[in-house]
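Novice: only geometry, no sequence info:
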């Protein structure tokens, strides 16, 4: 197992390396530069040239990249042009917020998705199945930024049960209860689509398993229905669902870009949006690198879990 | 399993549901900003959003008098200007200390300008300082004694004082710069009414009362700035009680707040002008009649009332009325007169060829640029001008417009917010300010008389005389119509009704020294 994990991690290195090149090239291709973004209306060619020189952007793209990679190996992601702060500090601060949001969403969507899928499969064509299928369809087709605004309107503005935005209370607070209070609406919003996907998949996987001979044998043996479903059927179905949860982790982190903006969650998604619009190359580069690394890790984790669940894969 | 989950969910919900949204505490003002500040180093930033925080943490040598754009003493008690307008000597306020305890004196003032302007200065690398060119005429700062400092300029430069009142002229603590270096922007220290306390990335900036403030300590204990980039979320946060003050309310929501007595809505015209640059180097706008035709053809009143929903006023000329002393009251906006526009187009021998119109998607002070652009296109179409819109994201847009419109477009949207009546015309209407020479005259307007008036006004230190020159300039520019003068924006803010003595300033800065919020 350790050799497998090491191999997978090594394989991730060229992926991440290639990614940094792509980000560099894309950022170079889109028009505009940080100096123009900083100077705004005052962006005369003369002022832009001076600021570019001060920011070290008068070098060629290749030189910039080589410098960046060189620094990367020393654990230095450079300095953000617009925030005037080390990229690593900003990215780490922001990424931990995203991890809390995305992690919670992932847990929520796994629990609700699996549960809904199982119920739906066990009660196939029953009313519970019909309601769940309908809800899943609605969940999958609802644009999450819109759902976020709707939840804010109902639960923050009208009912005043939850705060409209932020991660902690602006005054006082700061404890776990405060965090959960702020986390509820964005985490729910973010988990809706993934819940739907997981529920659908679990339903299909469960239906397939439930038709297998060994399930009939288990029932014939006189095992309780609960044991048949959770111990025998669900465990097999899970093997097919886990990698999808791994992929959903990627989508959840991607979806965080909108949700963080709507809920003003101080995460890496909202940071990337700002960084791209201000052409803050090093901040984009650092942010994308961390997100991509997380994505690789999540998938690896899913694969490892799958291997544990399914001895045939070992 | 199912029962367990249901129970867990229900108890979780019960645990948090009764925790009703906390109101903001008394004597602490929570301000909803449109974005996170870039830095709290006043010399390193360019955005009004950042200035709103900085003017409460720092003071300059001078500041704008309440409710005006006229300069009054601040950290400098008085000053004298030499006959030739090249030497400014400031008498500094005594006994003022920075928040870090170090003294404010002539040496500190010199340090501030040397850091910004002198590339040899050991702390110049704590920049960059994008607006340092505001002080490019400063040749040397001389310490005369502990409390007297002299600025020697390379040429007479009348806007100097008003540039000192701008946030780029705010005075930072030299000791703090030396201590924190490049990270000073995260550990700011000034002499202002509030002391910096805390900055959580994308969550809040906290500033607490400076009990030793030389101009009287404020009543508020603290001000908390919250960045909320999404306008809908900002409104929701205001409505749900999480903010005391919100700036830049979208026009669509302003009425909702006006109708609700638990809020107060404030509006204040500022030194902003929204206009269309016309390319005077190429057909059709190389002919004055065609440029005037565009001014007549566009229904500015409808733009301001319908698209901007009353959050702006129709502009008459290049200088916003907020510069009360320099504004030409006799100027009337071009009336909406499509018939007259058609006549003028005929006179200009415009033959109906298609023209390109650069529109931006957003950007500083651009209001609602896509909707405005579309309405303008329709108005011009109605008088027979075929207009093709090209829309660009703000950054890209500036990269296309600032180098000049020649060979690319006949017109482009633009907006400016400035602190002195000199800035915009000097940078964007002079012959020597063409893009080839590093200026912003992207439409290539050229009138020798305007050039002469602007040069003269820049050297004239007597305000009444300067005003005369600007007024004459406005008359000529109005007639020559190098731009379509469209709108002057009114900034707005909403506060809870419990917030007292809150005022908006024509400078667009958010001065919170006198604000109270007892409950």
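Specialist: Arrived safely. If you're wondering where the values come from, they're calculated on a predicted model, not measured in any experiment. Numbering: from 1, shown residues only, chains lettered A, B, ... in the order given.
Novice: got the contact list for the residue of the stretch 151-300 of chain A found nearest chain B?
Specialist: For the stretch 151-300 of chain A, the residue closest to chain B is residue A:266, as judged by Cβ to the nearest Cβ, at 3.6 Å. For the C-beta atoms, the positions are set from N, CA and C on the backbone; glycine is no exception. Residue A:266 makes contact with A:93, A:94, A:97, A:166, A:167, A:260, B:200, B:201, B:202, B:203, according to Cβ atoms under 8 Å, 6 or more residues apart in numbering or on different chains.
Novice: Recalculate using a threshold of 6 Å.
Specialist: A:97, A:167, B:201, B:202, B:203 (Cβ atoms under 6 Å, 6 or more residues apart in numbering or on different chains).
Novice: go on, residue B:391?
Specialist: So residue B:391 contacts residue B:359 (Cβ under 6 Å, 6+ apart).
Novice: what separates it from chain A, distance-wise?
Specialist: From residue B:391 across to chain A, the span is 13 Å (Cβ to the nearest Cβ, to the nearest Å).
Novice: per-domain residue ranges of chain A.
Specialist: Domain ranges of chain A: A:1-87, A:88-313, per the TED database.
Novice: Looking only at stretch A:111-129, what residues are buried by neighbour count?
Specialist: Burial within stretch A:111-129, assessed by neighbour count using 16 or more other Cβ atoms under 10 Å in any protein chain shown, is assigned to A:111-122, A:129.
Novice: for stretch B:219-231, that is, sorry about that
Specialist: Buried residues in stretch B:219-231, defined by neighbour count with 16+ other Cβ under 10 Å: B:220, B:222, B:223, B:224, B:225, B:226, B:227, B:228, B:229, B:230.
Novice: re earlier: quick one: secondary structure of the residue of the stretch 151-300 of chain A closest to chain B?
Specialist: Put simply, residue A:266 is coil when judged by DSSP: H, G, I helix; E, B strand; the rest coil.
Novice: Likewise for residue B:414?
Specialist: The local conformation at residue B:414, judged by three-state DSSP, is strand.
Novice: can you count the residues close to it?
Specialist: Here the number of neighbours of residue B:414 (other Cβ atoms under 10 Å in any protein chain shown) works out to 28.
Novice: how about the strands of the stretch 301-450 of chain B, start to end?
Specialist: Assigned by DSSP state E, counting those that start in this stretch, the stretch 301-450 of chain B shows strands spanning B:312-314, B:354-360, B:386-392, B:411-417.
Novice: Just want the residue of chain A that's nearest chain B.
Specialist: Counting by Cβ to the nearest Cβ, chain A gets nearest chain B through residue A:32, at 3.2 Å.
Novice: Just give the closest residue to that residue, not the sequence neighbours.
Specialist: Nearest non-adjacent residue to residue A:32, counting by Cβ to Cβ, 6 or more residues apart in numbering or on different chains: residue B:395, 3.2 Å away.
Novice: Contacts only, for that neighbour.
Specialist: By Cβ under 6 Å, 6+ apart, the residues touching residue B:395 are A:32, A:36, A:37.
Novice: how close does the closest residue to residue B:146 other than its chain neighbours get to residue B:312?
Specialist: Distances taken as Cβ to Cβ, 6+ apart place residue B:105 nearest to residue B:146, at 5.3 Å, with adjacent residues excluded. According to Cβ to Cβ, to the nearest Å, residue B:105 stands 44 Å off from residue B:312.
Novice: excluding its backbone neighbours, what's nearest the residue of the stretch 151-300 of chain A closest to chain B?
Specialist: Residue nearest to residue A:266 in three dimensions, not counting chain neighbours: residue B:202, with 3.6 Å by Cβ to Cβ, 6+ apart.
Novice: Quick one, grab the pLDDT at the one you found.
Specialist: pLDDT recorded at residue B:202 is 84.
Novice: right, and it touches residue B:33 too?
Specialist: No - using Cβ atoms under 6 Å, residue B:202 makes no contact with residue B:33, being 11.0 Å away.
Novice: Now do the shared contacts for these two.
Specialist: residue B:227.
Novice: residue contacts, residue B:54?
Specialist: By Cβ under 6 Å, 6+ apart, residue B:54 lies in contact with B:42, B:167.
Novice: rewinding a little: save the buried residues of stretch A:111-129 as CSV, and put in distance to residue B:80 too.
Specialist: Formatted as CSV, the buried residues of stretch A:111-129 follow (distance: Cβ to Cβ, whole Å):
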residue, distance to residue B:80
A:111, 75
A:112, 74
A:113, 76
A:114, 79
A:115, 80
A:116, 79
A:117, 82
A:118, 85
A:119, 84
A:120, 84
A:121, 88
A:122, 90
A:129, 87
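Novice: Any idea which of the residues you listed the model trusts least?
Specialist: Within the set of the buried residues of stretch A:111-129, pLDDT is lowest for residue A:122 (88).
Novice: what about the closest residue in space to that one that isn't next to it in sequence, how many residues close to it?
Specialist: In space, and not counting its chain neighbours, residue A:122 is closest to residue A:229: 6.0 Å by Cβ to Cβ, 6+ apart. By the criterion of other Cβ under 10 Å, residue A:229 has 21 neighbours.
Novice: would residue A:229 count as being in a helix?
Specialist: Yes - the assignment for residue A:229 (three-state DSSP) places it in a helix.
Novice: what packs against the lengthiest strand in chain B?
Specialist: If you go by DSSP state E, chain B has its longest strand at strand B:483-496. Judged by 3 or more Cβ pairs under 6 Å, 6 or more residues apart in numbering or on different chains; DSSP states H and E, the packing partners of strand B:483-496 are strand B:245-247, strand B:263-269, strand B:272-278, strand B:312-314.
Novice: what's the closest of those strands to chain A?
Specialist: Of the helices and strands packed on strand B:483-496, nearest to chain A by Cβ to the nearest Cβ is strand B:272-278, at 11.0 Å.
Novice: Who are the packing partners of the helix or strand following that closest one?
Specialist: On the C-terminal side of strand B:272-278, the closest following helix or strand by DSSP states H and E is helix B:288-297. Judged by 3+ Cβ pairs under 6 Å, 6+ apart, the packing partners of helix B:288-297 are helix B:338-347.
Novice: need the contact list for residue A:43.
Specialist: Counting by Cβ under 6 Å, 6+ apart, residue A:43 makes contact with A:36, B:398, B:402.
Novice: least confident pick among those residues?
Specialist: Taken together, the contacts of residue A:43 show their lowest pLDDT at residue A:36, with 78.
Novice: about what we covered before: which of the helices and strands packed on strand B:483-496 sits closest to residue B:428?
Specialist: Residue B:428 sits nearest to strand B:272-278 of all those, at 8.1 Å, using Cβ to Cβ.
Novice: which intervals of chain B have sub-threshold pLDDT?
Specialist: Scanning chain B for pLDDT under 70 picks out B:1-23.
Novice: With the stretch 151-300 of chain A instead?
Specialist: For the stretch 151-300 of chain A, no range has pLDDT under 70.
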